[in-house]
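**Q** A structural model of the following input is requested.
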Amino acid sequence: MPLALILSSHVAASRVGGMAQSLALSQFSCDGMLVPTVLYGRHPGWGAPGGAAVPLQAFEGMLDGIEANGLFGLTDLVITGYFASVEQVRAAVRAIDAVRAAPRDAIAYTKAARIVVDPTIGDTGKGLYVPQDVADAIRDDLCPRADIICPNAWELEWLTGQDARDPQNAVRAAARLGRPVMISSINIGNEIGAVYADKHEAWLAAHPKVASAPNGTGDLLTALFAASLLEGQTASDALACAVGGVAETITAASAWASPELPIVAMGARIKQTSPSVRMERLA
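**A** Numbering: from 1, shown residues only. This is a model prediction of the structure:
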């Protein structure tokens, strides 16, 4: 059974961040170890979230406990997301280095851990919503350790200083990061989608835009994409599965009048490619 280490937010009443990702991974029989960076009651988009950032001592202590149980040598996937402080980012960097250095347990699901960095730092119309030093640390210390980086289009522009608002520009900007990149929130006329790009290929997966969607779609997309790769899917198939799962979940949220992503209620449907997804090879 795959094992994932998730370093991100825990939001009790909203299906966002690490909480959403852990739930989504369960449909892939992937066991998630969520080490929270913040403990919130709800997404800040609803108002004051309640709760607080996790103190550094507690954050590092949880990582120490996981490592002491020998689980770094069994970790198949690391996903990083929202961080409340630069010290948390540095602790995450140390944990990633320790996961990679840990002797690989013979019963591990994969031969090596895959590191997926979602640089959760900002968005269109909002700009940076983390402190500048946190964003800088994610860019300078965390992204270089990633096997895959999963920004939204605005975050990719911030990381690279290049336009990434359409598929071809997103591919060019992604090349500046020097590693595989999966970019969300790419607008194409009446469609919205995600682009995957590495040095060998680039793909677009798009679906029709909707008037509104619950928070957390980017977090869900990253988890579904990473889990699909963990299953052994090709990058293009993983992208189709991830974008399809998000599209179907948004559709279900609308049909059920759910203000949050209905991840649990979706069940196995969350890992199936939607017929509404259009795939296009870009390179």
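**Q** got the CA positions of stretch 26-45 in PDB?
**A** What follows is stretch 26-45 as a C-alpha-only set of coordinates in PDB (Å, rounded to 0.1, in the frame of the first residue of the first chain):
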ATOM      1  CA  SER A  26      -7.600   7.100   0.000                       C
ATOM      2  CA  GLN A  27      -9.400   6.300  -3.300                       C
ATOM      3  CA  PHE A  28      -6.000   5.200  -4.600                       C
ATOM      4  CA  SER A  29      -5.400   3.000  -1.500                       C
ATOM      5  CA  CYS A  30      -2.700   5.500  -0.600                       C
ATOM      6  CA  ASP A  31      -2.400   6.100   3.100                       C
ATOM      7  CA  GLY A  32      -1.800   9.800   4.000                       C
ATOM      8  CA  MET A  33       0.200  11.100   6.900                       C
ATOM      9  CA  LEU A  34      -0.900  14.700   7.300                       C
ATOM     10  CA  VAL A  35       1.500  16.900   9.200                       C
ATOM     11  CA  PRO A  36      -0.400  20.200   9.400                       C
ATOM     12  CA  THR A  37       1.100  23.600   9.100                       C
ATOM     13  CA  VAL A  38      -2.100  25.300  10.300                       C
ATOM     14  CA  LEU A  39      -5.100  24.100  12.200                       C
ATOM     15  CA  TYR A  40      -8.100  26.100  10.900                       C
ATOM     16  CA  GLY A  41     -11.900  25.700  11.300                       C
ATOM     17  CA  ARG A  42     -12.800  26.900   7.900                       C
ATOM     18  CA  HIS A  43     -11.200  28.300   4.700                       C
ATOM     19  CA  PRO A  44     -10.300  31.900   5.100                       C
ATOM     20  CA  GLY A  45     -12.500  32.700   2.100                       C
END
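**Q** can you point out the buried residues in it?
**A** 27-28, 30-40, 42-44 (16 or more other CB atoms under 10 Å). Where C-beta positions appear, they are placed from N, C-alpha and C, glycine not excepted.
**Q** ok, of those residues, which one's closest to Thr80?
**A** The closest of the buried residues of stretch 26-45 to Thr80 turns out to be Thr37 (CB to CB; 9.1 Å).
**Q** what about Ala84, distance to Tyr129?
**A** Using CB to CB, to the nearest Å, Ala84 is found at 11 Å from Tyr129.
**Q** and these two? Which one has more around it.
**A** More neighbours surround Ala84 than the other of Ala84 and Tyr129, with 20 against 13 (other CB atoms under 10 Å).
**Q** now intersect the buried residues of stretch 26-45 with the strands, please.
**A** The strands, defined by DSSP state E, take in Asp31, Gly32, Met33, Leu34, Val35, Pro36, Thr37, Val38, Leu39, Tyr40 from those.
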